[in-house]
Structures are given as C-alpha cells and as structure tokens.
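Chemist: I would like to see how this sequence folds:
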Amino acid sequence: MNQLGKHIAALRKQRGLTQEALAEALGVSPQAVSKWETDNSCPDISLLPKLAAELGVTVDALLTGNAPVQLIPQEQRKNVDEMMFRVTVDSPQGDKVRVNLPMGLVKVGLEIAKFVPQAKDAEILNHIDIEQILLMVDSGMIGKLVEVEAADGTCVEVVVE
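Modeler: Numbering: from 1, shown residues only. A predicted model of the protein is given here:
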C-alpha cells in the first residue's frame with residue numbers, strides 16, 4: 001500500500017510548513033501538494049530530490065517513511081548539550097540494553113575517557129565512534145545515526161534527539 005502521501009504530510013508538518021509554502025518552494029500548486037498528501041497523485045520523479053531536501057530527509061527516507069537522519073537548519077537546531085543520546089541493543093537471546101544520556105554528559109565522558117586507560121579500552125568505544133557522532137550532531141544531524149545488525153542477529157541503534 002502506498003504511504004508516500006502520509007510521509008510527505010508528516011514531514012511537512014514536522015518542518016512547520018504549510019502546503020502553500022511547500023508548493024511555492026517546489027514550484028507547484030498547493031492543490032498538487034494536497035493531492036500527494038491524500039495519495040490521489042504522486043510527485044513527479046524529477047521533484048523527489050528537491051522535495052526530500054525541503055523536508056530535510058533523503059529521497060529513500062521520503063519514499064519509505066524511514067527517516068533515520070534529518071539535517072536540521074542552523075536556525076532550528078537545539079543546544080547539543082540539551083539533546084539525548086540513546087543506544088538500543090537487542091540480542092537474539094532476548095538481551096535488551098537501553099542507554100539514555102544527555103549529550104552534555106556524553107561529551108564529558110568522552111573527554112574523561114581520553115585520560116582513563118580502562119575507559120580507552122572499553123569494548124563499546126571500539127565499536128561506536130562517539131566523536132564522529134558528536135561531529136554529525138554538531139553539523140545538524142539528528143535521528144537514528146547508527147543502525148547495525150550483526151551476523152548473529154544482534155541489533156544496535158544510536159539515536160540522537
């Protein structure tokens with residue numbers, strides 16, 4: 001079943017755009033946007049890259065509804081220290097790990113880890129490049145930044161919101 005219209009509507013509303021504003025940015029009529037959102041028609045394929053950019057997602061995320069990463073414009077970004085760093089691990093054996101930390105604490109922990117030998121050798125730091133995640137967040141990326149499924153079925157997600 002086609003869900004593109006719902007994806008467009010949800011993303012447009014998340015960005016605080018009206019149908020008219022989105023239509024103007026894309027050079028189409030507000031009626032065209034309305035028809036897309038009600039699944040009465042689909043945007044022309046040549047519009048997809050610009051539509052995705054206006055909605056702050058990739059074309060893949062637009063088409064699938066899976067918006068793991070969004071690029072937030074500078075003027076709409078939150079203070080990074082007020083955001084949350086979430087790690088979810090689910091193993092096929094039923095183990096579940098949930099970590100929710102303020103980004104400010106993650107940054108402090110990363111600085112401390114540089115000087116504490118036990119932390120530098122910690123297994124998780126060998127598998128997750130937290131410094132790279134911080135750079136991504138500082139550049140305006142939020143959402144699911146890392147998603148890994150190991151061969152044994154273990155799933156790991158890192159989300160910043």
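Chemist: make it CA atoms for all contacts and neighbour counts henceforth
Modeler: Fine.
Chemist: low pLDDT regions in this structure?
Modeler: 1-2, 66-70, 113-128 (pLDDT under 70).
Chemist: By residue count, what's the longest strand in it?
Modeler: Assignment by DSSP state E gives strand 141-149 as the longest strand of the chain.
Chemist: other SSEs contacting the helix or strand following that strand?
Modeler: Downstream of strand 141-149, the next assigned helix or strand under DSSP states H and E is strand 155-160. Strand 155-160 makes packing contacts with strand 84-90, strand 141-149 when contacts are defined by 3 or more Cα pairs under 8 Å, 6 or more residues apart in numbering; DSSP states H and E.
Chemist: Dump those to JSON lines, plus distance to Val108.
Modeler: Formatted as JSON lines, the helices and strands packed on strand 155-160 follow (distance: least, Cα to Cα, whole Å):
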{"stretch": "strand 84-90", "distance to Val108": "13"}
{"stretch": "strand 141-149", "distance to Val108": "20"}
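Chemist: In TSV, list these along with mean neighbour count and distance to Asp129.
Modeler: Shown next, in TSV, are the helices and strands packed on strand 155-160 (neighbours: other Cα atoms under 10 Å; distance: least, Cα to Cα, whole Å):
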stretch	mean neighbour count	distance to Asp129
strand 84-90	18	13
strand 141-149	17	10
